[in-house]
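[1] can't give you the sequence, but here's the structure:
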């Protein structure tokens, strides 16, 4: 919607954030793509870029802690030790991404973030439609 001029001025009031959270949680549980929906609602809620990213990080952290509790209960059966190199690489990549993202945050505009979120949502939807995700 951010790429279509008609929708540029669309804003969600704070009263719609609960609906966005509910939809995000529902579809996240259904298909695992809650981050995309959460971003779509938050980016249109009139937040600053710092607040947008901070909110996304906090919510994602809660979601990840919930996932980790499920994964921990099946740790020995998961084959995680067979993929230890992949786990270490993914963890280091996440830390590196967070560090670089923190440095770039001071240089990017909210408009740039909106465009990136819009493009990523399109790519995710295409990947879902094509069966890649």
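    Good, I have the coordinates. Owing to the predicted nature of the structure, the values given are computational and were not obtained by experimental measurement.
[2] can you list the weak-confidence ranges in the protein?
    Scanning the chain for pLDDT under 70 picks out the ranges 1-2, 7-8, 33, 75-76, 78-81.
[3] element containing residue 132, please.
    Residue 132 belongs to no helix or strand when assigned by DSSP states H and E.
[4] whoops, residue 51 was the one
    Using DSSP H and E, residue 51 maps to helix 49-73.
[5] Mind listing residues that contact that helix?
    Applying Cβ atoms under 8 Å, 6 or more residues apart in numbering, the set of residues contacting helix 49-73 from outside is 28, 34-35, 38-39, 42-43, 47, 78, 101, 105, 108-110, 113. Using the backbone N, CA and C atoms, a C-beta is placed for each residue, glycine as well.
[6] try 10 Å
    With Cβ atoms under 10 Å, 6 or more residues apart in numbering as the test, helix 49-73 has contacts from 17, 21, 24-25, 28, 32, 34-35, 38-39, 42-43, 45-48, 75, 78, 80, 98, 101-102, 105-106, 108-114, 117.
[7] Take the residues you listed and keep only those in helices.
    The helices, defined by DSSP state H, take in 17, 21, 24-25, 28, 34-35, 38-39, 42-43, 98, 101-102, 105, 110-114, 117 from those.
[8] The residues you listed, buried ones only, as a PyMOL selection?
    In PyMOL syntax, the buried subset of the ones in helices among the contacts of helix 49-73 is picked out as below (16 or more other Cβ atoms under 10 Å):
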select buried, resi 21+24+28+34+35+38+39+42+43+113+114+117
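[9] list the buried ones in the helix holding residue 51?
    Residues of helix 49-73 classed as buried: 49, 52, 53, 55, 56, 59, 63 (neighbour count, 16+ other Cβ under 10 Å).
[10] Would you reformat those as CSV and include distance to residue 123?
    Formatted as CSV, the buried residues of helix 49-73 follow (distance: Cβ to Cβ, whole Å):
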residue, distance to residue 123
49, 21
52, 19
53, 20
55, 22
56, 18
59, 21
63, 21
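[11] All set now, cheers.
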